[in-house]
Structures are given as C-alpha cells and as structure tokens.
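> coordinates only, sequence not included:
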C-alpha cells in the first residue's frame, strides 16, 4: 500500500511538473521531454509494466494515459494559437500593391507667402531680384541713413522695439535698400525685399505688433515719378484687376521726395463705406516716393546722376482688402479652416 501511494505520488508530481514546464518552456521542448518515444511518459509506462499487482498496474496505467492525453491536447491547443497569431501577424505586415494608396493631404503656402511670390512673379520680368535683410538692425541702417533724424517720432521708444542702445527690431524692410546701395554705389539696382517688421502697437482687428512688409526699389540714371507710378499700377492691376480703381495721394516720408500714398477702392463695400475702409470707401495699401537725394548721398551715390524710387506695402493689409478679411489676427492664429481657403489661390 505504501509502495502504491509512492508511485502515484511520483507520477502526480511528474504530471504537475509537465504542465508547469509547458507554461515556461517552448512547445517543441515539451514534446521531446515528455511525449517522444524516450520521453518521461514512455519511461513511466515502462516502469509500471514491471508491476506485478495487476490492479495497481491498471490504475497507474490509466493515470499515465490520461496524463498523456491531456498533455497532448494542451500542446496541440497552444500550437494552434501560436499558428493563428503568426498568420495574423503576417497578414498585418502584408502589403497589397493593388489596394488604393492612402491619400496624404497636401499643404499649401501661407497666404502671406503666396502674395509675396505673386508680386515677385510680376516684377521679376522687369529685372527685379529678391533679397533678404536682417530683422535685428542697428539705428544707422534702420534710421540714420534713411534720413530719419533722432527727434523723428518713428524713433520714439513707443514705436520701436529696442534690444539695447544700439540694436532694435527693424520697423521696416527699407534697411535692405540701404545695405545694398552701400555695397554697390553708383550702380543700377532693382530689388524686392520682404519679411517681418516690428512696431509697438496694440493688437486688434486691424493692428498688430508684428506684420509683413514688402519693399521694392529701383535706382538708375533715367528713373522718375512716372516710372514709380507705372510700376505700382502694374502690381495693383495684376492683383486686383485692370478695372479696379486706385488713387495716389500726396504724403510725407523722410526718405522720399516727393512722397505719395496709394489707396485702392474697398472691395467688400465697392466704395460705399464699411468697417474695413472706415466708411471712406478707400483703403490705404502702400507708401512710395522718389528716393530722397540725401539717402542716395548717404550710400555714396552721385545724386546728380542717379535717381530712384521706393515703395513699401503691408502684405496682411493687402490680403485683407483683396479677400475681405476683417481681422488681421487670422493670419497668425494657425486656424487650418482659415488657411485652407487659400489652397488654390
């Protein structure tokens, strides 16, 4: 009786160990260790074959056969599950070359960059080249050489962002023309420059402390006010249409003489008056004029032989007029719904 219990206990421990091994070891190792011809189950059957007590032999045989059956079923089940996982993994990694590809949404240039490119396309055939100039500037290039004296309102701390006593954030892109004329004195020059400019201003629907300005200027021996007028008319007629009314008004800038401001008829109200044009029917687009002789002299040009003109326009204001946009902050809010409206313009 003691021997019988001892054999059953040993087989019971082996059964328990086999299923514990199945949780930890690979399936093929379990097959080899327990189920093959020379495995533990076969060895156990051989041992009980020597048992003389037929009743005990039968009981142990049933126990071992049930063990073998349950272990085989468990191993087969785990193999099927493993196979399913491998098949699913293969399917997930398969690439069907006949399936329609995923559509990737295309981006588009920001409307500010679009209108800059449009103006460049208009002026490039006339010989204008695009250049860049630094956003951090010194007073010499931002004010002094542009004939803006120290007591001019534009130099007041309330108008300009000063970084220290010498450096500031540029208030216009006119520093580009000074730097280029200084580099190439007494030569014919035609350039376009555009970029961010900064002024101390309260942000609201029509004003912002940062905006984009485009500067254009030409210097040569036969340049007069008619050259300036024809160039501005060409740009605005291309942007707004040939029949769209524009007007020139006398103005004053310290770096041009004579100076003008150019207005376009308000598009949303067609000149009848609205909030965008402040009930006047007209919206100011740009300032321009012939380059002041003193500015030419400051850049070592012979003002007796060379003349030139310059104009500067706010890109955001141009877009607001062209498309009837009422809030300038839309250009900086990164609202995708707003920006998508310009994807085909």
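That came through, no problem. All values derive from a computational prediction rather than experimental measurement. Numbering: from 1, shown residues only.

> and the host helix or strand of residue 63, how far out from the chain middle?
Element membership for residue 63, per DSSP states H and E: helix 54-93. Centroid displacement of helix 54-93 relative to its chain, using Cα atoms, centre = their mean, to the nearest Å, is 57 Å.

> can you give me the buried ones in the next helix or strand after that helix?
Downstream of helix 54-93, the next assigned helix or strand under DSSP H and E is helix 111-123. Buried residues in helix 111-123, counted by 16 or more other Cβ atoms under 10 Å: 111, 112, 115, 116, 119, 120, 122, 123. C-beta: built from backbone N, CA, C; applies to glycine.

> not counting its neighbours along the chain, what's nearest the first one?
Closest residue to residue 111 apart from its sequence neighbours, by Cβ to Cβ, 6 or more residues apart in numbering: residue 342 at 4.3 Å.

> quick check: pLDDT value at the one you found.
Residue 342 carries a pLDDT value of 86.

> contacting residues around it?
108, 110, 111, 114 (Cβ atoms under 8 Å, 6 or more residues apart in numbering).

> over to residue 326?
For residue 326, counting by Cβ under 8 Å, 6+ apart, the contacting residues are 205, 275, 276, 320.

> distance of it from residue 80?
When distance is defined by Cβ to Cβ, to the nearest Å, residue 326 is 67 Å away from residue 80.

> residue 115 too?
For residue 115, the distance to residue 80 - Cβ to Cβ - is 65 Å.

> same deal with residue 304?
Counting by Cβ to Cβ - residue 304 and residue 80 are separated by 98 Å.

> returning to that earlier point: and the two most separated of the contacts of residue 342?
108 and 111 (8.9 Å; Cβ to Cβ).

> give me the common contacts of these two.
339, 342.

> what helix or strand does residue 230 sit in?
Per DSSP H and E: helix 225-240 holds residue 230.

> can you list the domains in the chain?
2-93, 111-342 (automatic domain parsing).

> for the ones you listed, which one ends up most surrounded?
domain 111-342 (a mean of 17; mean count of other Cβ atoms under 10 Å).

> gap between the two ends of that one?
Counting by Cα to Cα, to the nearest Å, you get 6 Å between the two ends of domain 111-342.

> my guess is residue 283 meets residue 268, correct?
No - Residue 283 lies out of contact with residue 268 (Cβ atoms under 8 Å); the separation is 9.6 Å.

> how about low-confidence regions in the stretch 151-300 of the chain?
157-158 (pLDDT under 70).

> just to revisit the earlier point, give me the common contacts of residue 283 and residue 268.
By Cβ under 8 Å, 6+ apart, the residues touching both residue 283 and residue 268 are residue 276.

> hmm, back to that, what residues does the helix or strand following the helix holding residue 230 touch?
Once helix 225-240 ends, the next helix or strand along the chain (criterion: DSSP H and E) is strand 246-253. The contact list for strand 246-253 (Cβ under 8 Å, 6+ apart) reads 229, 233, 236, 240, 258-265, 282, 285, 287, 289.

> which one of these is nearest to residue 56?
Taking the contacts of strand 246-253 together and measuring to residue 56 by Cβ to Cβ, the closest member is residue 240, at 108.4 Å.

> contacts only, for the closest residue to the closest one other than its chain neighbours.
Closest residue to residue 240 apart from its sequence neighbours, by Cβ to Cβ, 6+ apart: residue 264 at 6.1 Å. When contacts are counted by Cβ under 8 Å, 6+ apart, residue 264 touches 236, 240, 244, 245, 246, 282, 283, 285, 321.

> hmm, back to that, adding distance to residue 175 and pLDDT, write the buried residues of helix 111-123 out as TSV.
Rendered in TSV, the data for the buried residues of helix 111-123 read as follows (distance: Cβ to Cβ, whole Å; pLDDT from 0 to 100):
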residue	distance to residue 175	pLDDT
111	25	93
112	20	94
115	21	94
116	17	95
119	19	95
120	19	95
122	23	96
123	19	96
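
> format the residues you listed as CSV; extra columns: distance to residue 174.
Shown next, in CSV, are those (distance: Cβ to Cβ, whole Å):
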residue, distance to residue 174
111, 24
112, 19
115, 20
116, 17
119, 17
120, 18
122, 20
123, 17
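
> residue boundaries of the strands in the protein?
For the chain, the strands defined by DSSP state E cover 129-131, 136-138, 167-169, 189-198, 210-220, 246-253, 256-265, 282-291, 307-314.

> show residues contacting stretch 310-319.
With Cβ under 8 Å, 6+ apart, stretch 310-319 has contacts from 111-112, 115-116, 172-174, 177, 194, 208, 211-217, 228, 231-232, 239, 255-256, 262, 283-289, 291, 325, 328, 331.

> swap the cut-off to 6 Å and go again
With contact meaning Cβ atoms under 6 Å, 6 or more residues apart in numbering, stretch 310-319 is reached by 111-112, 115, 211-217, 285-288, 291, 328, 331.

> quick one: average pLDDT of that stretch?
92.

> now do the residue nearest in space to the middle of the chain, the pLDDT please.
The chain has residue 107 as the residue nearest its centroid, 8.8 Å off, counting by Cα atoms, centre = their mean. You'll see residue 107 listed with a pLDDT of 80.
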